[in-house]
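Participant: give me a model of this one.
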Amino acid sequence: MSPVGCPGQESQETSVQMSVSFTPTSQTPVQVILHTRNNQEIKIHFTDGFAVKLSDTVTYIGGKAADVFG
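Facilitator: As a prediction, this is how the structure comes out:
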């Protein structure tokens with residue numbers, strides 16, 4: 001774990017833990033498309049997919065993936 005703090009102040013360690021307990025009521029397919037720097041697309045297909053917006057810049061995406069490299 002890395003120390004966190006401001007210059008000139010004593011550093012403090014911090015940790016964050018997250019647990020998600022989710023039981024879907026129906027199987028919802030979700031496709032996530034990632035774009036690489038050289039304009040290639042990586043598609044990941046999830047079953048029972050869900051997304052939780054944690055902040056303006058952070059979204060947690062989860063689900064079941066059978067074969068992400070296939």
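
Participant: now the helices: where do they sit in the chain?
Facilitator: In the chain, no helices are defined using DSSP state H.

Participant: so which residue is dead centre in it?
Facilitator: When C-alpha atoms, centre = their mean is applied to the chain, the residue found nearest the centroid is residue 60 (3.7 Å).

Participant: quick one: that residue and residue 54 touch, right?
Facilitator: Yes. Applying C-beta atoms under 8 Å as the test, residue 60 and residue 54 come out as touching, 5.8 Å apart. Bear in mind the C-beta positions are built from the backbone N, C-alpha and C, glycine included.

Participant: okay, and the helix or strand of the chain with the least pLDDT?
Facilitator: Every helix and strand in the chain was compared by mean pLDDT, DSSP states H and E; the lowest is strand 3-4, with a mean of 50.

Participant: residues contacting residue 53?
Facilitator: Listed by C-beta atoms under 8 Å, 6 or more residues apart in numbering, the contact set of residue 53 reads residue 59.

Participant: that one and residue 61, how far apart?
Facilitator: Separation of residue 53 from residue 61 (C-beta to C-beta, to the nearest Å) stands at 10 Å.
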